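Student: pasting the structure only:
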């Protein structure tokens, strides 16, 4: 069994952003030379998520609106802020969207459904963040 590891780095311009990282994951799969296996993609930060969905701008805005209703940015409303942080909402948003995705690799390509794409969701941006890509297989 072979393994391949790569890190992506992001420094978003806004506090919350949703980036389609599918092409970068596909490139990592290509570089790995792995034809059959699995790829794990996860942010290495507790205020970001990686998820799979459709790359449709209206849907992405719906996600953002939903998350902001459930866990709004509020400088006074979170106990976490007593530690000196201001990102309590970002931690909650990450819990709602989850941590990582695992995708099958078949014949050297991501084995997706019709509209599936991989996204990096940043909830506390404007600073460097990393995403791990780990590929295992043959």
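Tutor: Cool, got the structure. Please read these numbers as outputs of a predicted model, since none were measured by experiment. Numbering: from 1, shown residues only.

Student: now the helix or strand where residue 63 lies: buried residues?
Tutor: Residue 63 belongs to helix 57-70 when elements are defined using DSSP states H and E. Judged by neighbour count (16 or more other CB atoms under 10 Å), helix 57-70 contains these buried residues: 60, 63, 64, 67. C-betas here are computed from N, CA, C, even on glycine.

Student: try stretch 130-138
Tutor: Of the residues in stretch 130-138, 131, 133, 134, 135, 136, 137 count as buried by neighbour count, 16+ other CB under 10 Å.

Student: which outside residues touch the helix holding residue 63?
Tutor: 16, 18, 53, 92, 93, 96, 97, 119, 121, 123 (CB atoms under 8 Å, 6 or more residues apart in numbering).

Student: I'd like to know which elements whichever helix or strand comes after that helix is packed against.
Tutor: Sequence-wise, the next helix or strand downstream of helix 57-70 (DSSP H and E) is helix 88-97. Applying 3 or more CB pairs under 8 Å, 6 or more residues apart in numbering; DSSP states H and E, we find helix 88-97 packed against strand 48-53, helix 57-70, strand 117-122.

Student: what's the angle between the second one and strand 117-122?
Tutor: Interaxial angle, helix 57-70 versus strand 117-122 (axes from the mean of the first three to the mean of the last three CA atoms, to 10 degrees): 40 degrees.

Student: and helix 57-70, average pLDDT?
Tutor: Taken as a whole, helix 57-70 has a mean pLDDT of 97.

Student: and residue 50, how far from residue 59?
Tutor: Distance of residue 50 to residue 59, given as CB to CB, to the nearest Å: 17 Å.

Student: please read the previous query as pertaining to residue 72.
Tutor: For residue 72, the distance to residue 59 - CB to CB - is 20 Å.

Student: what do you get for residue 107?
Tutor: With distances taken as CB to CB, residue 107 is found 29 Å from residue 59.

Student: just residue 82 next, same as before
Tutor: Distance of residue 82 to residue 59, given as CB to CB: 35 Å.

Student: likewise residue 91?
Tutor: 23 Å.
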